[in-house]
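Peer 1: Let me see the structure of the following:
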Amino acid sequence: MMLPNPKPSAKFLPSPLEPPQHSRRITGGASPSLELNCKLSRRNLSKSSLLLLIATQTTLTPLLDLSKAQADTISPEIDNYSTNCRNRIPTKKGFIDVSIAGEPIGRIVIGLYGDDVPAGTARFGSFVSGKAGISYRRKEFVKIMPGYVQHGGIRSYGVDAERATAASGTLQNLIEEWERGKRGERCGEVKAGSVGIVVRDPSKPPPKTKIVARNGKLVVEEEEIAVGPNGTEFVITAVDSPELEESVLVIGKVLEGMEVVEKMREVKTVRDNTSSPYFRVAKVIGDKRAVVAERGFNRPYSKVVVTNCGLMESESQ
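Peer 2: As a prediction, the model looks like this:
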């Protein structure tokens, strides 16, 4: 016997499909005020944007004033550092008398920064005064560049070099002071009229590796292609020379005699031939002839010599 189909209970009736979430509207139980607030006209939106702009400006004004105050506080410190870098006070004076082709051209008075670079000024002062047992007297300027002149210093071999090393120590102290300038712990700028000691050669090629036989064994050694500076060469700049910051430790500045430096720059020199392709190839392969030729570039044809030098103990000198 077949039973009649029971009527579906409301409990098991399927619920009607709900509209998508984005199509729902607030109806019925929603308050009129909420519905009114959700419908913003263009006029209300414009007013709201204006109020938001005014509120933002009011909020940012104190922050802008604070940033300006901080900038006013920081700027004097930066300017003070730059001023101190440019206006360092020399603690002692030295002089060098110069001649070109045997004719005296004048004296250069140099102020030394003893408080800023004590090792560099002590080393330079010992050679100027002759305290090291050897001095710059009768030594030549070996390079005349467009922006500076370079003195050849004391030879890296022989009795002169031994006396210089014994009196003024190794090059390490100068390198440490130069590195302080690179780290920003002291002034490292090379401005016009600066006097500095050459502590490294940026054009020096890397060591050349070679294999040699030692006591029946093959060992790897590094051959120096060029001789590095020994801490006795110095430069005098005529213009700002930031390229020298990679190789020169500034130890003083020219107080008198810049006209002498200008006369030295007018001396004719050997033409620089580093742009030649033949020189470039020889330099890359480590040909010693290229090294010898490079030493002659920018060398003055006339002898530019320090005829006398010393330290000035009083203003009358």
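Peer 1: for the stretch 151-300 of the chain, what spans make up the strands?
Peer 2: 194-198, 208-214, 217-223, 234-237, 248-256 (DSSP state E, counting those that start in this stretch).
Peer 1: nearest to K268, of those strands?
Peer 2: strand 234-237 (18.7 Å; Cβ to Cβ). The way it works is simple: take the backbone N, C-alpha and C, and place the C-beta from them, glycine included.
Peer 1: Quick check: mean pLDDT of the closest one?
Peer 2: What strand 234-237 shows for mean pLDDT is 96.
Peer 1: Can we start the residue count at 406 from this point?
Peer 2: I'll keep to 406 as the first residue from here, and by that count the last item is strand 639-642.
Peer 1: mind listing what the residue lying closest to Y553 once chain neighbours are set aside touches?
Peer 2: What sits nearest to Y553 in space, not counting adjacent residues and going by Cβ to Cβ, 6 or more residues apart in numbering, is T642, at 4.3 Å. Contacts for T642 (Cβ atoms under 8 Å, 6 or more residues apart in numbering) come out as G552, Y553, V595, K596, A597, G598, S599, V600, G601, L649.
Peer 1: Mind picking the two most distant members of the residues you listed?
Peer 2: G552 and V600 (13.8 Å).
Peer 1: Neighbour count for these two, which is higher?
Peer 2: More neighbours surround V600 than the other of G552 and V600, with 27 against 16 (other Cβ atoms under 10 Å).
Peer 1: Excluding covalently adjacent residues, which one is nearest to the more buried one?
Peer 2: G657 (4.4 Å).
Peer 1: for the stretch 556-705 of the chain, what spans make up the helices?
Peer 2: For the stretch 556-705 of the chain, helices defined by DSSP state H, counting those that start in this stretch occupy the ranges 563-573, 577-587, 663-670, 682-690, 693-701.
Peer 1: Only the buried residues of the last one, if you could.
Peer 2: Residues of helix 693-701 classed as buried: A695, V696, A698, E699 (neighbour count, 16 or more other Cβ atoms under 10 Å).
Peer 1: Widest-spaced pair of these?
Peer 2: Using Cβ to Cβ, those span at most 7.3 Å, a distance reached by V696 and A698.
Peer 1: and the residue nearest to V624 when sequence neighbours are not counted, what is it in contact with?
Peer 2: Nearest-residue entry for V624: V617, 6.2 Å, with adjacent residues in sequence omitted and distances by Cβ to Cβ, 6+ apart. By Cβ under 8 Å, 6+ apart, V617 lies in contact with L623, V624, E626.
Peer 1: From V625, how far out is V617?
Peer 2: V617 sits at a distance of 8 Å from V625 (criterion: Cβ to Cβ, to the nearest Å).
Peer 1: Which neighbouring elements make contact with the helix or strand that contains G516?
Peer 2: Element membership of G516 [criterion: DSSP states H and E] is strand 508-517. Applying 3 or more Cβ pairs under 8 Å, 6 or more residues apart in numbering; DSSP states H and E, one finds that strand 508-517 makes contact with strand 497-505, helix 523-534, strand 653-661, helix 663-670.
Peer 1: Lowest average pLDDT across the ones you listed?
Peer 2: Of all the helices and strands packed on strand 508-517, helix 523-534 carries the lowest average pLDDT, namely a mean of 92.
Peer 1: Pull it out as CSV, backbone CA atoms only.
Peer 2: Only the C-alpha atoms of helix 523-534 are listed here, as CSV (Å, rounded to 0.1, in the frame of the first residue of the first chain):
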residue,chain,number,x,y,z
PRO,A,523,101.0,65.7,14.6
ALA,A,524,102.9,62.8,12.9
GLY,A,525,102.8,64.4,9.5
THR,A,526,103.9,67.8,10.7
ALA,A,527,106.7,66.3,12.8
ARG,A,528,108.0,64.3,9.8
PHE,A,529,107.8,67.3,7.4
GLY,A,530,109.4,69.6,10.0
SER,A,531,112.3,67.3,10.6
PHE,A,532,113.2,67.3,6.9
VAL,A,533,112.7,71.1,6.6
SER,A,534,114.8,71.9,9.6
